[in-house]
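Chemist: I'd like to go over a predicted model; first the sequence, then the structure.
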Amino acid sequence: MNCRLLTAAPLVRFSCRLVSRVIQTPCRTCSSSREDDIRNYIKESYVRIGKDAAPPPVIRGDVVYGTLPCMAAISGQKRRVHRVFVPSSLRSRDGRRELTYALQDILATVRNVHPTALHPLPEKYMYECLSQCGVHEYPDHEGIALELEPLHARPLISNRELLRIANRDTKTGAPPLVLACPFAQDMTNLGHLIRIAYYYGVHTVLVSSRFRQAQAINAIASSSSQGAVDLVDMVAVKGKLSISLEEWKRKFRIVGTVGMGYAGAVPLSEFKHDGRPVLLIMGSESKGIADPLVDICTDLVTIPACEVSNEATGSGVLESLNVSVAASILLHHITSSA
């Protein structure tokens with residue numbers, strides 16, 4: 001099939017990729033030409049930086065790996081990209097790794113925005129780069145990794161910015177939704193929370209500057225969030241979170257999550273969205289929300305468990321969920337009732 005035949009009509013212009021998706025068959029002429037073009041770009045970069053005998057590069061920033069996190073980091077434009085690593089075997093069709101459409105999209109963007117940043121490497125050197133940033137296993141990097149500036153949650157400058165967050169316009173017309181996760185210490189959990197927040201349209205993720213995720217968001221969090229850390233507005237609140245949130249009560253309905261049997265808490269099914277902006281506070285899996293934060297909440301909700309009898313222990317109720325699972329349930333209910 002030749003793409004020129006498809007673009008001949010003066011009123012409708014089809015892109016090759018759109019046609020491929022509709023008819024489920026790639027346009028061989030254009031896809032092959034584009035792939036060869038990207039491979040030539042990899043070859044030129046390979047010649048420019050030298051051969052495979054060069055030592056592995058020293059990472060001086062952070063590393064993001066995988067097609068979705070890398071594309072999000074580039075499109076989010078939150079931080080500067082220093083180098084783009086791909087397996088040097090991609091310069092040839094005989095390599096063991098496929099040059100996928102996703103990789104072609106990213107490398108085409110890189111060539112337009114950061115043309116000299118491409119740095120082809122032997123596969124083993126790519127894992128060396130990841131290990132320098134704390135990724136000591138052998139994850140599937142999907143053929144690409146970025147060296148870029150570390151990601152920091154930005155500080156909340158003033159209460160005026162708080163008002164801007166509360167009055168932010170959204171594409172759906174729904175009231176602003178903010179997620180506070182000051183107790184998420186594990187980077188994998190933090191990444192999952194941010195991914196869920198992005199999925200449900202959360203506008204801002206609030207973290208405390210007392211915790212390390214406010215200082216730097218590493219490659220593990222980026223990978224587990226599938227790149228959402230570069231797309232969600234992350235704000236670090238100075239000082240104690242309970243004192244900072246007192247100002248939020250004027251504009252937000254502050255919803256705290258607590259365990260079953262907590263005095264004053266209502267089942268999630270009884271929570272009704274009244275159209276005001278919502279700030280949802282997620283507690284830690286072991287201790288929940290600290291008492292100073294509970295005191296400033298306008299609503300306390302709990303996710304009821306299904307009790308199943310256990311002959312060995314006499315009880316089958318688990319008192320808490322994984323924090324990211326709980327966040328999914330809560331955000332789904334809040335957004336669907338808005």
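Modeler: On my side now, so go ahead. Residues are numbered from 1 along each chain as shown.

Chemist: residues contacting the one helix or strand residue 70 maps to, please?
Modeler: Secondary structure assignment for residue 70, by DSSP states H and E: helix 67-76. Helix 67-76 has contacts (C-beta atoms under 8 Å, 6 or more residues apart in numbering) with 64, 79, 81, 84, 100, 102-103, 105-106, 109-110, 113, 142-146, 148, 222-223, 225-231. Where you see a C-beta, it was placed from the backbone N, CA and C, and this is true even at glycine.

Chemist: what distance separates the start and the end of stretch 259-279?
Modeler: Stretch 259-279 has an end-to-end distance of 18 Å (criterion: C-alpha to C-alpha, to the nearest Å).

Chemist: buried stuff in it?
Modeler: Buried residues in stretch 259-279, counted by 16 or more other C-beta atoms under 10 Å: 262, 265, 268, 271, 273, 277, 278, 279.

Chemist: same question, stretch 145-153
Modeler: Neighbour-count burial for stretch 145-153 [16+ other C-beta under 10 Å]: 145, 146, 147, 148, 151, 153.

Chemist: could you verify my assumption that the fifth one touches residue 222?
Modeler: Yep, that's residue 151 we're talking about. Yes. Under the criterion of C-beta atoms under 8 Å, residue 151 makes contact with residue 222 at 7.4 Å.

Chemist: quick check: neighbours shared by the two?
Modeler: 62, 229, 230.

Chemist: residue contacts, the second one?
Modeler: In other words, residue 229. Each residue near residue 229 by C-beta under 8 Å, 6+ apart is listed here: 72, 151, 191, 194, 217, 221, 222.

Chemist: now with 6 Å, please.
Modeler: 194, 217, 221, 222 (C-beta atoms under 6 Å, 6 or more residues apart in numbering).

Chemist: kindly report the same for the first one.
Modeler: Residues counted as contacts of residue 62 (C-beta under 6 Å, 6+ apart) are 148, 150.

Chemist: next, it: phi, psi?
Modeler: phi -120, psi 160 (degrees, to the nearest 10).

Chemist: bridging residues for it?
Modeler: Under the criterion DSSP bridges, residue 62 forms beta bridges with residue 148.

Chemist: gap between it and residue 187?
Modeler: Applying C-beta to C-beta, to the nearest Å, the value for residue 62 to residue 187 is 12 Å.

Chemist: and for residue 329?
Modeler: Distance from residue 329 to residue 187, by C-beta to C-beta: 22 Å.

Chemist: rewinding a little: redo the buried residues of stretch 259-279 as JSON lines? Include pLDDT, secondary structure and distance to residue 177.
Modeler: Listed next are the buried residues of stretch 259-279 as JSON lines, based on pLDDT from 0 to 100; DSSP: H, G, I helix; E, B strand; the rest coil; distance: C-beta to C-beta, whole Å:
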{"residue": "262", "pLDDT": "78", "secondary structure": "coil", "distance to residue 177": "23"}
{"residue": "265", "pLDDT": "87", "secondary structure": "coil", "distance to residue 177": "20"}
{"residue": "268", "pLDDT": "90", "secondary structure": "helix", "distance to residue 177": "15"}
{"residue": "271", "pLDDT": "90", "secondary structure": "coil", "distance to residue 177": "14"}
{"residue": "273", "pLDDT": "86", "secondary structure": "coil", "distance to residue 177": "10"}
{"residue": "277", "pLDDT": "89", "secondary structure": "coil", "distance to residue 177": "7"}
{"residue": "278", "pLDDT": "91", "secondary structure": "strand", "distance to residue 177": "5"}
{"residue": "279", "pLDDT": "91", "secondary structure": "strand", "distance to residue 177": "8"}
